[in-house]
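> Kindly return the folded structure for what I paste below:
(one chain, ligands or ions: 1)
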Amino acid sequence: METIGIIGSGLIGRAWAMVFARAGHPVRIYDNDQAAARNAVALIAQGLADLHNAGLLSDTPGNISARITVHETIQDTLKGVSYVQENTLENERVKREVFSALEAAAAPDTILASSTSMIPTSSFAGHLNSKARCIVAHPVNPPHVVPIVEVSPAPFTDARIIKRTMLLHESIGQVPVLIKKELQGFVLNRLQGALLAEAFRLVEDGYISADDLDKTIKDGLGLRWSFMGPFETIDLNAPGGVADYCERFGEGYFEMAASAQSQPRRWSKSLVQSIHDERRTILPTDQRGERSAWRDRRLMALIAHKRNTEK
Ligand SMILES: NC(=O)c1ccc[n+]([C@@H]2O[C@H](COP(=O)([O-])OP(=O)(O)OC[C@H]3O[C@@H](n4cnc5c(N)ncnc54)[C@H](O)[C@@H]3O)[C@@H](O)[C@H]2O)c1
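So this is what the prediction gives:
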């Protein structure tokens, strides 16, 4: 079992620690805020208990926690580590500095991967001598529940590093997808961005309330999306498959795109405030934490359902 280094023990770093440790890997954590790192241990124990209660662990939470250790320096953390998952702030300068420190401390064949949501590998690793071992492995929150990982190499990333990263994530039960060319935001957030752009526009132009728009996804499109993507969806939505669907509806989609998405709009302060206010009448600020925990429990139940019924 490869030893894994986790750099940054916030929301995503803690979740990665659970993912790797539950698959049997020793995990070594570093955070430059030592209090955050110590706090991570209790939060990871809670996360593992939730996974256990949802029937998603094949080992005991105690055994899994025992594989996770916290360290005070990057040098100590990276001892024996062959794969690093970086989870510090979403800031190019911070990531450049962290990757310089990782390069200095890691063994030469250790993979250096980042969880960044939007920053291409070239932007934070292009200055390194050993940039060929750097790559993005972008998760979705929370990665201990949602399995997708966008593996996004730079043009300079070694093909063997790409393969090792894909295989590692597959072996721990995640679902890696390869982003073949670098682009800002990768694919998942670009899809989410396209949907959000249209959602903000429809609310701003008075077609629908924010709450009814949310219902359109959760009680409509989203039900299908938990087990099939948009291409499979349209393949099944016309008797003759994708080509038939596009024959029937392609022109309509073109007209919608021409009238909306070709003119990007900034989300104005007043629009954001009005949607924010609508959300707060439905979910007061002091209930957001409990609702996030509820979301994670619902996601775990959905994953358990998919595991038990899909094959
Ligand atoms: N939160 C999400 O939904 C989400 C989803 C996918 C990817 N990501 C990405 O994962 C990364 C981490 O996000 P997060 O939500 O866990 O953030 P977070 O703020 O919860 O955690 C960041 C942690 O990094 C630590 N840190 C900061 N600078 C450091 C340094 N120089 N060395 C070591 N530790 C350092 C902080 O002390 C903190 O504990 C970001 O790049 C983010 O874009 C986040």
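
> Who are the contact partners of the residue sitting nearest the centre point of the chain?
Ranked by distance to the mean C-alpha position of the chain (Cα atoms, centre = their mean), the top residue is residue 140 at 1.8 Å. Contacts here follow Cβ atoms under 8 Å, 6 or more residues apart in numbering; on that basis residue 140 touches 146, 148, 188. Using the backbone N, CA and C atoms, a C-beta is placed for each residue, glycine as well.

> Tell me how far the second one lies from residue 157.
If I follow you right, that is residue 148. For residue 148, the distance to residue 157 equals 20 Å [Cβ to Cβ, to the nearest Å].

> Can you give me the neighbour number for the closest residue to the ligand within the stretch 201-311 of the chain?
Using Cβ to the nearest ligand atom, the single residue of the stretch 201-311 of the chain nearest to the ligand is residue 292, 10.7 Å away. As a burial measure, residue 292 scores 13 neighbours (other Cβ atoms under 10 Å).

> Could you do residue 168 as well?
Residue 168 is flanked by 24 other residues according to other Cβ under 10 Å.

> helix/strand/coil for it?
Remark: residue 168 carries the secondary structure label helix [criterion: DSSP: H, G, I helix; E, B strand; the rest coil].

> gap between it and residue 103?
In this view, residue 168 and residue 103 are 19 Å apart by Cβ to Cβ.

> and if you look at residue 66?
With distances defined as Cβ to Cβ, the gap from residue 66 to residue 103 amounts to 30 Å.

> How is the residue of the stretch 201-311 of the chain closest to the ligand assigned, secondary-structure-wise?
helix.

> Residue 217 too?
helix.

> just to revisit the earlier point, could you flag which of the contacts of residue 140 are buried?
Buried positions within the contacts of residue 140, assessed by neighbour count (16 or more other Cβ atoms under 10 Å), are 146, 188.

> Tell me which residues of the strand or helix carrying residue 42 come out buried.
Using DSSP states H and E, residue 42 falls within helix 34-53. Residues of helix 34-53 classed as buried: 36-37, 40-41, 43-44, 47-48, 50-52 (neighbour count, 16+ other Cβ under 10 Å).
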